[in-house]
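Student: Below are the sequence and a predicted model for it; my questions follow.
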Amino acid sequence: MDKKVKLTENHPDWKGYDIDELRYQQAYTEARLEIEKERMSASARSIYSSTAMTRSGGLIGRILGSLNYVDYAIIAFRIFKKARGLMRRR
């Protein structure tokens, strides 16, 4: 059985792409670009919408938006500690 050899850029007898192959490569690349643009746009929309919700609350939204997980953990621990002290008194 004789295998058909596919000529590529690395093969010395390669004559180049024909017009159909060029059009296919161009359409394929444009489709990949459009998909990537949509992915980036969706990602930007989700980031913008999540920051817009925290920023819309005025001063409290700004304060909560600037806190990280460690700050939330410290605040939760302090609230728990105070609540436990109140429960012991009763």
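Tutor: Noted; the coordinates are in hand.
Student: Please count neighbours and contacts with C-alpha atoms only from this point.
Tutor: Noted.
Student: Can you spell out which helices and strands pack onto the top helix by length along the chain?
Tutor: Counting by DSSP state H, the longest helix found in the chain is helix 19-55. Counting by 3 or more CA pairs under 8 Å, 6 or more residues apart in numbering; DSSP states H and E, the packing neighbours recorded for helix 19-55 are helix 59-66.
Student: Could you count how many residues lie near residue 42?
Tutor: By other CA atoms under 10 Å, the residues close to residue 42 number 12.
Student: how about low-confidence regions in the chain?
Tutor: 1-9, 50-62, 64, 90 (pLDDT under 70).
Student: Just give me the residue closest to the centre of it.
Tutor: For the chain, residue 43 is the residue whose C-alpha lies nearest the centre (CA atoms, centre = their mean; 4.8 Å).
Student: Report the secondary structure state of residue 80.
Tutor: helix (DSSP: H, G, I helix; E, B strand; the rest coil).
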